[in-house]
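test case, fold it:
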Amino acid sequence: MGYYSLDGFRYAHAWIVASSGIFSYLINNGFPLGRFFLISDFVSPYNPSTIADLQQLRSDLAIPLEALTIIAVSKLHPVKGFDDLLVAFANIPAAIDDRPTYLIIVGNGPLWIQLQRYSQQLNIEDRVRWTGWRDEAGRFQEPADFMCICFSSRKSRKRHIG
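From the prediction side, this is the model:
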């Protein structure tokens with residue numbers, strides 16, 4: 001999978017890992033199962049929102065109540081493939097069954113400005129919302145019609161930006 005070299009990690013008393021992929025990688029490389037703690041890597045638990053709160057969130061983002069939304073929550077890093085997400089979203093019609101379509105990107109990172117510029121090049125900037133880093137990122141997942149999970153990959157691939 002391309003995770004870290006394990007040479008310097010074998011002698012710890014316990015390990016805290018932030019993804020099931022890393023967890024499996026360590027177990028498959030002989031680390032003892034009983035000394036792991038798997039935690040969420042980005043979205044903290046939260047209390048469910050009321051309908052009024054969800055409507056207010058859409059209003060704050062200038063998204064109509066009837067809109068279809070796609071939400072992606074992650075660090076805006078080259079290995080996450082956000083450029084591919086923007087290309088894919090550019091191929092989605094501006095409205096489906098008279099419902100406008102919007103992409104909400106929750107996160108921040110080194111590609112923040114480049115990705116926003118790329119959305120302009122793709123002529124979708126009016127349908128993309130950039131929230132930046134949010135401690136309450138889970139709130140943005142509640143009203144989502146679709147979730148996009150952006151996984152890290154160390155494989156080299158064609159880049160659209162940068």
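
might one say that L57 is in contact with P143?
Yes. L57 lies in contact with P143 (C-beta atoms under 8 Å); the separation is 6.3 Å. Any C-beta I mention is one placed from the backbone N, CA and C, and that applies to glycine too.

Q55: neighbour count?
Q55: 13 surrounding residues under other C-beta atoms under 10 Å.

so which bits of the strand or helix carrying it are buried?
Element membership for Q55 (DSSP states H and E) is helix 51-60. Neighbour-count burial for helix 51-60 flags 57-58 (criterion: 16 or more other C-beta atoms under 10 Å).

what about the helices in this structure?
20-28, 51-60, 82-90, 112-121, 137-141 (DSSP state H).

for the third one, name the packing helices and strands.
Using 3 or more C-beta pairs under 8 Å, 6 or more residues apart in numbering; DSSP states H and E as the contact definition, the elements that helix 82-90 packs against are strand 68-73, strand 99-106, helix 112-121.

gap between that helix and the chain center?
13 Å (C-alpha atoms, centre = their mean, to the nearest Å).
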